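Novice: Quick one, structure for this:
(2 chains)
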Amino acid sequence: MSLLRLDGVTVRFGERAALDAVDLEVAEHETVCVLGPSGSGKSTLLRVVAGLQRADAGRVFLSGNDQGGVPTHRREVGLMFQDHQLFPQRDVGGNVGFGLRMRKTGRAEAERRVAELLDMVGLPGAQRRSVAALSGGEQQRVALARALAPRPRLLMLDEPLGQLDRSLRERLVVELRELFGRLGTTVLAVTHDQGEAFALADRVVVMRDGRIAQAGTSLEVWQRPASEFVARFLGFDNVVEATVSGERADTVWGKVPVPAGTPEGRRRLLVRPAGVRLAPVVDGLPCTVTGRTFRGDHVVVLLRPADGPELEAACGLRDAPDVGDRVGVVFRADDVVVLGGS
Amino acid sequence: MVLDRPEVDVTGKPPQGPRTASGRSRQHLRRTAVRLGLMAVPLAFFGVFFAYPVTAIVSRGLKDGGHWQFGRVGEVVIDPAIGHVLWFTTWQALASTALTLALALPGAYVFARFDFPGKQLLRAVVTVPFVLPTVVVGSAFLALLGRGGLLDELWGVRLDTTVWAILLAHVFFNYAVVVRTVGGLWAQLDPRQEEAARVLGAGRLAAWRRVTLPALTPAVAAAALMVFLFTFTSFGVVQILGGPRYSTLEVEIYQQTAQLLDLPTAAVLTLVQFVAVAVLLVVHGRTVRRRESALKLVDAARTARRPRGAAQWALLGSVLAVVALLVLVPLVVLTLRSFDGPDGYGLAFYRALASAGDNGGTFVVAPLEAIGNSLAYALAATGIAVVVGGLAAAALTRRAGRLVRGFDALLMLPLGTSAVTVGFGFLITLDEPPLDLRTSWILVPLAQALVGVPFVVRTMLPVLRAVDARLREAAAVLGASPLRAWREVDLPLVGRALAVAAGFAFAVSLGEFGATVFIARPDSPTLPVAVARLLGRPGELNYGQAMALSTILMLVCAAALLVLERVRTDRSGEF
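Specialist: Numbers count the residues shown, from 1 in each chain, chains lettered A, B, ... in the order given. Okay, the predicted model is just below:
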């Protein structure tokens, strides 16, 4: 039985539906990341589960029980707010121990647990520090400790690393994943950052305009974006109109090989940059190099063909052509994805 | 844009079931009920102790044999003597406001942007006059500018029956209103906004004019209206310094009521003042609401720095000089006079305060007893004001429609309504069952609480509104019930504001004069009433005692204020 189940949850703000008949399940000990651009309804989703926002339709089940009419403070979920919302008038210990006090945990037990959590998030002995004096990363750790302290059955994170700088973010993602794995916590996180989502999650749910555009394991979503929207949101821009027949498709870029078993007819195709191979001009689609972007271990080369949309190709640091060079392009079938309607 | 979403129908559920619709309206009803419940006490309080007495006295003045005599209104308004009072009331208020702004705006800037040693203390000091009873302000300026005053002794200059004395006293009184209202906001304006304009090519002055000034304008307007309101309804100051030549509407109402016993004229004047103040409050309400528009505010502590360069030091110096001349000197002179007895400096006047006997029957009891009376009354008034004002502020926390805004303005009305009318109204309305309070001691605190409530509301409201709703949500997610969340989150944040509000209510209750002078019984006068009585008697002993009593009153108010400064938050309202 899944720990959290959303059944056709709809939330409207005036005419606009922030959530539109959303169905979602999160299994116990699973980490699910909801990914989407801002305004796609991610935060509203968390607020509905926490009981901070009433659903206009649909139901929320926690451990199989309908949460309709259960007030927030009895839902036993944890929520880490985007900007932490630490209580300014309490010190670090007071913040972390807040949920324990609400559950009437004994003083000695509470103190032991606060110390244990602060150890766990890497702030040992910080109990008496003022929350105003903490750096962004420290505040984030305190907020996490505060959310974890009462041992919520479901921990929800709203843009957990949004305000931190990049290096800290990358380190914390790894720490969080390791921590959740160790504690067996069930986690529902929302973020607009794909890197964060794929690094953190067992399963990723991509949202668009209040609806779920795609759900699947990180690998599935990454390898087989279901729609042009998802593909573009993940940063894949090599999308082209095509007519599929057999194992080939006709496009403005010329003939592109497609995986066996692709349904015939008019489709939209995505060619992942790794599947765009550079060759001598005479051997492929002739293109001009218009730009190069370094991405650490590889270079993304921007290519302009004579006709049709521009193409991105990933190539090694050493064999990347210069801007202005003429190259030929061939496509690899493994990296061609047939997209559904968007 | 609304798109067709066939998927919604596929699920087979209507987007909004009847259950949720009724749930929503139930929730709405409950919220309305809670708000009405909170408003009930303040509404009853204002109905019984403000609207009823004021209406009663106005109708007594304007009714003859059961018929309204509205002709009286016309007669009074065209009376040249009354016209003169109206004209003087208006122009002195305008002049006082202009003078206050001119002297206090540089002060607002200095307090907002400069860091200098003793700033906290000085800020408290300039606020002392604001909470001082008007009677004390009058006496202080009398001691400075009047017969035998400091200027008289030094240069033979007497200003006590000139309009300058009134204007200067008004500036003294309201300096802090401008410094706090404007300076408070100025300190929180992000200096980087101006820097952004500079980077975009605006000169120093242009950046200030185009970025800072527009952000400040509503605050300046609000402060100016506040000063205008206080000076338009000025009573104690004009009563003491105006002499026979100058009187404001409020003083005229007092004279018509208490001395000439001409109730119809007093009633008309009350109505005129009421209308004028109501108009002012509506305008004030609008400017305040505009001020709440989105400004980028930062921690005040981050924007202040040490003055740099000759010009900035000169500005700081001149502001300090103005504060010294205008605020410190009158207070010091007042204190000195109280010690300057017939046999040289000493405690003669203070000693005389301890006995009732030898001052020609001014008092039934020793004037010193007035201290105890005042403190007891003011404490009771503070209690009432905190309960009534606190409930009102809680009801007003959530922004809402016209009704609530009207309520908001209603709460300010007692500040501008003739206190004399209220006091006299208490006497004629609260003297029969079921509300026979004339012989009860609670009458005085009730009248004083009327002026305390607006301060409580104005102090509490911005703080209550500033509490981030998501802090409450964070508490709820961690398992706190709504009541518990309020106790754990709101109360600690609001606690300090509540203390500040109580302190202000205490200080204004202590200094309330217009209403108290009518209803305090002869055997239990308050400090301001005792001071006024002493000033009304001839003789150096009476004058000296008035100074001594004023000094005591000043010290009590200053002590209350210094305690406030310790607990005050950055966001504690307009005062």
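
Novice: show me the contacts for the most far-flung residue of chain A relative to its centre.
Specialist: Most distant from the centre of chain A: A:V282, at 41.2 Å, with distances by CA atoms, centre = their mean. Applying CB atoms under 8 Å, 6 or more residues apart in numbering or on different chains to A:V282 gives the contacts A:G328. Heads up, the C-betas are built off the backbone N, CA and C, glycines and all.

Novice: do B:A165 as well
Specialist: Taking CB under 8 Å, 6+ apart, one finds B:141, B:145-146, B:159, B:241 in contact with B:A165.

Novice: Let me know the closest of these to chain A.
Specialist: B:F141 (43.0 Å; CB to the nearest CB).

Novice: Which of the helices or strands spans that closest one?
Specialist: B:F141 belongs to helix B:134-145 when assigned by DSSP states H and E.

Novice: cool, A:V330 as well?
Specialist: Element membership for A:V330, per DSSP H and E: strand A:326-331.

Novice: what would the contacts of B:A165 look like in TSV with distance to chain A, pLDDT and neighbour count?
Specialist: Shown next, in TSV, are those (distance: CB to the nearest CB, whole Å; pLDDT from 0 to 100; neighbours: other CB atoms under 10 Å in any protein chain shown):
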residue	distance to chain A	pLDDT	neighbour count
B:F141	43	82	27
B:L145	48	77	24
B:G146	50	72	22
B:L159	50	70	19
B:L241	46	80	28
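
Novice: thinking again about what came up before, sheet partners, orientation included, of the strand holding A:V330?
Specialist: strand A:276-279 (antiparallel), strand A:285-294 (antiparallel) (DSSP bridges).

Novice: and of the ones you listed, who's closest to A:A314?
Specialist: strand A:276-279 (7.3 Å; CB to CB).

Novice: outside of that closest one, which residues touch it?
Specialist: In contact with strand A:276-279 (CB under 8 Å, 6+ apart) are residues A:238, A:284, A:301, A:303, A:311-315, A:319, A:321, A:327-332, A:335.

Novice: Give the buried subset of the residues you listed as a PyMOL selection command.
Specialist: A single PyMOL command selects the buried members of the contacts of strand A:276-279 (16 or more other CB atoms under 10 Å in any protein chain shown):
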select buried, chain A and resi 238+284+301+303+311+312+313+314+315+321+327+328+329+331+335
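
Novice: Throw the strands paired with strand A:326-331 into JSON lines and include mean neighbour count and mean pLDDT, thanks.
Specialist: As requested, the strands paired with strand A:326-331 are exported to JSON lines (neighbours: other CB atoms under 10 Å in any protein chain shown; pLDDT from 0 to 100):
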{"stretch": "strand A:276-279", "mean neighbour count": "19", "mean pLDDT": "89"}
{"stretch": "strand A:285-294", "mean neighbour count": "16", "mean pLDDT": "90"}
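
Novice: Kindly reformat those strands as a markdown table containing distance to B:R470.
Specialist: Putting the strands paired with strand A:326-331 into a markdown table (distance: least, CB to CB, whole Å) gives the following:
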| stretch | distance to B:R470 |
| --- | --- |
| strand A:276-279 | 46 |
| strand A:285-294 | 38 |
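
Novice: rewinding a little: after the strand holding A:V330, which helix or strand is next? Please name it.
Specialist: strand A:336-339.

Novice: so what strands line up beside that following strand?
Specialist: Partner strands for strand A:336-339, per DSSP bridges, with pairing direction: strand A:265-271 (antiparallel).

Novice: who's in contact with the partner strand?
Specialist: In contact with strand A:265-271 (CB under 8 Å, 6+ apart) are residues A:225, A:228, A:231, A:236, A:238-244, A:249, A:251, A:256, A:258, A:311, A:331, A:335-339, A:342.

Novice: From these, which land in strands?
Specialist: Residues from those lying in strands, with DSSP state E as the criterion: A:239-244, A:249, A:251, A:256, A:311, A:331, A:336-339.

Novice: filter those to the buried ones?
Specialist: Judged by 16+ other CB under 10 Å, buried ones among those: A:239-240, A:242, A:244, A:249, A:251, A:256, A:311, A:331, A:336-339.

Novice: Tell me the one among these nearest to chain B.
Specialist: Closest to chain B, out of all of those and judged by CB to the nearest CB, is A:L339, at 19.3 Å.

Novice: Which residue lies closest in space to that closest one, excluding its sequence neighbours?
Specialist: Nearest non-adjacent residue to A:L339, counting by CB to CB, 6 or more residues apart in numbering or on different chains: A:R268, 4.6 Å away.

Novice: Show me what the one you found bridges to in the sheet.
Specialist: Where A:R268 sits in a bridge, its partners, by DSSP bridges, are A:E241, A:L339.

Novice: Model confidence for it, exactly?
Specialist: On the pLDDT scale, A:R268 is placed at 88.

Novice: Just the pLDDT for A:L24.
Specialist: With respect to pLDDT, A:L24 has a value of 93.

Novice: no no, A:G78
Specialist: 90.

Novice: since we're on it, how many residues are nearby?
Specialist: 25 (other CB atoms under 10 Å in any protein chain shown).

Novice: Whatever helix or strand it lives in packs against which elements?
Specialist: Using DSSP H and E, the element containing A:G78 is strand A:77-80. When contacts are defined as 3 or more CB pairs under 8 Å, 6 or more residues apart in numbering or on different chains; DSSP states H and E, strand A:77-80 sits against helix A:42-50, helix A:136-148, strand A:154-158, helix B:469-477.

Novice: Can you name the next helix or strand after the third one?
Specialist: Pointing back at strand A:154-158 there. helix A:166-183.

Novice: and residue 103, what does it touch?
Specialist: This is for chain A. A:150, B:479.

Novice: My question was about chain B, not that one.
Specialist: B:171, B:175, B:322, B:326.

Novice: my guess is the last one meets B:Y175, correct?
Specialist: Yes. B:L326 sits in contact with B:Y175 when judged by CB atoms under 8 Å, with a separation of 6.7 Å.

Novice: More neighbours: which of the two?
Specialist: Neighbour count, other CB under 10 Å: between B:L326 and B:Y175, B:Y175 has more, with 24 against 19.

Novice: can you count the residues close to B:V76?
Specialist: 22.

Novice: next one: phi and psi at the residue lying closest to it once chain neighbours are set aside?
Specialist: Once flanking residues are discounted, B:V76 sits nearest to B:V268: 4.0 Å by CB to CB, 6+ apart. B:V268 adopts backbone torsions of phi -60, psi -40, taken as degrees, to the nearest 10.

Novice: Can you tell me how far B:V268 is from B:V73?
Specialist: To B:V73, B:V268 is 5 Å away according to CB to CB, to the nearest Å.

Novice: What are the phi and psi values at A:A306?
Specialist: phi -60, psi -30.

Novice: So in terms of bridging, what pairs with the closest residue in space to it that isn't next to it in sequence?
Specialist: With sequence-adjacent residues excluded and distances taken as CB to CB, 6+ apart, A:A306 is closest to A:P286, at 6.5 Å. Listed by DSSP bridges, the beta-bridge partners for A:P286 are A:G328.

Novice: so A:P286 makes contact with A:L311?
Specialist: No. When contacts are counted by CB under 8 Å, A:P286 is not listed as touching A:L311 (11.8 Å).

Novice: Overlap of the contact sets of these two?
Specialist: In contact with both A:P286 and A:L311: A:305, A:329, using CB under 8 Å, 6+ apart.

Novice: Pipe the helices and strands packed on strand A:77-80 into JSON lines and attach distance to A:S218 and mean pLDDT per row.
Specialist: Shown next, in JSON lines, are the helices and strands packed on strand A:77-80 (distance: least, CB to CB, whole Å; pLDDT from 0 to 100):
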{"stretch": "helix A:42-50", "distance to A:S218": "17", "mean pLDDT": "91"}
{"stretch": "helix A:136-148", "distance to A:S218": "22", "mean pLDDT": "89"}
{"stretch": "strand A:154-158", "distance to A:S218": "16", "mean pLDDT": "92"}
{"stretch": "helix B:469-477", "distance to A:S218": "27", "mean pLDDT": "86"}
